[in-house]
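*Asks:* predicted model follows, preceded by the sequence.
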Amino acid sequence: MATYAIGDIHGQIEALQTLIRKLNLSKEDHVIFLGDYVGRKSQWLAVLQYVESLKNVCRITKLWGNHEKMLYDHIERFKPRRWPASLLNRFDDCFHGTGGEFLQFEDPEQKYVSKFFKDMQYDILIETIKYSYVLCHALPKDVGYTPDDSIWGRLMQNENLDFTCDVAIDKHTLFHKYAGKIIVHGHTPVLLHYENNSNIAPNRLFKYKIQDVSFIDIDLGAKLFGRYPNANLCALRLEDQTPFYAA
Ligand SMILES: [Mn+2]
């Protein structure tokens, strides 16, 4: 039995299928997706269908990413069969990851997408013999002042080994409740850390530590496949921290 975390897919169905084949999954295995299944101008509907089909292969847990949360919130708010172009223009900023294509959806597809989002969660605690983890898209749910803050907050280490975050977060919870634990997250492409520190490999997972909290960033910028040579997709086996890569 093995437990895997898979990072941001952003509609890259071929990379996801390549990666899944490398894992040789069986019924006892557990795969936790860290969110951001969808992405503009990508095969994201195919990704949703493929992720759902893995329920026949192993146990899966689906975490929210900010991109599908934007899509879901708009579906819930408007529930039209087709969205008028005026609405699309007005909310273009919110749709930047997803919704443009949604306008073209037929009703059964829209229902399918709504259904996919019914059994999502924000984070999950996983204990293995050696390690104590919390898995999340960007930050654990209770570190955000709202759940949505936790899927948007981008933590960046700075040169003083301190950090910055682009949303307000509950630092006390982060550094006390999660002290000694390992936060496995996506949302921030390792490429962004690499821009500050060229010793980091931009196409491999990135381990770092802030105060007593350890972090493993497994977002390898899959949305840039075809446009950036180091784009990759990563799965991390939690029992022994072995990484698997699509490319
Ligand atoms: Mn994200």
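*Replies:* Cool, the structure landed. Not measured: the values here are computed from a predicted model. Numbering: from 1, shown residues only.
*Asks:* which residue is nearest the middle of this structure?
*Replies:* The centroid of the chain falls nearest to G35 when counting by CA atoms, centre = their mean (3.0 Å).
*Asks:* confirm I60 sits in a strand?
*Replies:* Yes: counting by DSSP: H, G, I helix; E, B strand; the rest coil, I60 is found in a strand.
*Asks:* for Y208, see how far away it is.
*Replies:* Here I60 is placed at a distance of 27 Å from Y208 (CB to CB, to the nearest Å). All C-beta spots, glycine's among them, are computed from the backbone N, C-alpha and C.
*Asks:* so which of the two has more stuff around it?
*Replies:* Just comparing I60 and Y208: by other CB atoms under 10 Å the higher neighbour count belongs to I60, 20 against 17.
*Asks:* now E239: how far from D123?
*Replies:* As judged by CB to CB, E239 and D123 stand 19 Å apart.
*Asks:* neighbour count winner among the two?
*Replies:* The neighbour count for E239 versus D123, taken as other CB under 10 Å, is higher for D123 (25 against 14).
*Asks:* could you count how many residues lie near the residue nearest to the more buried one when sequence neighbours are not counted?
*Replies:* Spatial nearest neighbour of D123, chain neighbours left out: C136 (4.0 Å); criterion: CB to CB, 6 or more residues apart in numbering. For C136, the neighbour count with other CB under 10 Å is 29.
*Asks:* element containing the residue nearest to the centre of the chain, please.
*Replies:* G35 belongs to no helix or strand when elements are defined using DSSP states H and E.
*Asks:* how about it, nearest residue that isn't a chain neighbour?
*Replies:* Excluding its sequence neighbours, the residue lying closest to G35 (CB to CB, 6+ apart) is G65, at 2.5 Å.
*Asks:* and what of L19?
*Replies:* A246 is the one closest to L19 (CB to CB, 6+ apart), at 4.3 Å.
*Asks:* L23 is in contact with the one you found, correct?
*Replies:* No: the pair A246 / L23 is not scored as a contact, 10.9 Å apart, by CB atoms under 8 Å.
*Asks:* of the two, which one has the most company?
*Replies:* A246 (23 against 17).
*Asks:* OK, contacts around that one?
*Replies:* With contact set as CB atoms under 8 Å, 6 or more residues apart in numbering, A246 has these partners: 12, 15-16, 18-19, 22, 222, 232-234.
*Asks:* how does it look with 6 Å?
*Replies:* 15, 18-19, 232-233 (CB atoms under 6 Å, 6 or more residues apart in numbering).
*Asks:* quick one: which of these is nearest to the ion?
*Replies:* Of all these, L233 has the smallest distance to the ion: 14.0 Å, by CB to the ion.
*Asks:* the closest one against Q17, yeah?
*Replies:* No: counting by CB atoms under 6 Å, L233 stays clear of Q17, with 10.2 Å between them.
*Asks:* more neighbours: those two, which one.
*Replies:* For L233 and Q17, the more surrounded residue by other CB under 10 Å is L233, and the numbers stand at 27 against 13.
*Asks:* next up, the contacts around that one.
*Replies:* L233 makes contact with 15, 19, 222, 246, according to CB under 6 Å, 6+ apart.
*Asks:* can you get me a residue count around the one residue in the chain that gets nearest to the ion?
*Replies:* In the chain, the residue found nearest to the ion is H187; the distance is 3.8 Å by CB to the ion. For H187, the neighbour count with other CB under 10 Å is 24.
*Asks:* give me phi/psi at it?
*Replies:* phi 80, psi -40 (degrees, to the nearest 10).
*Asks:* roughly how far apart are it and F215?
*Replies:* Distance check for H187 against F215: by CB to CB, it reads 11 Å.
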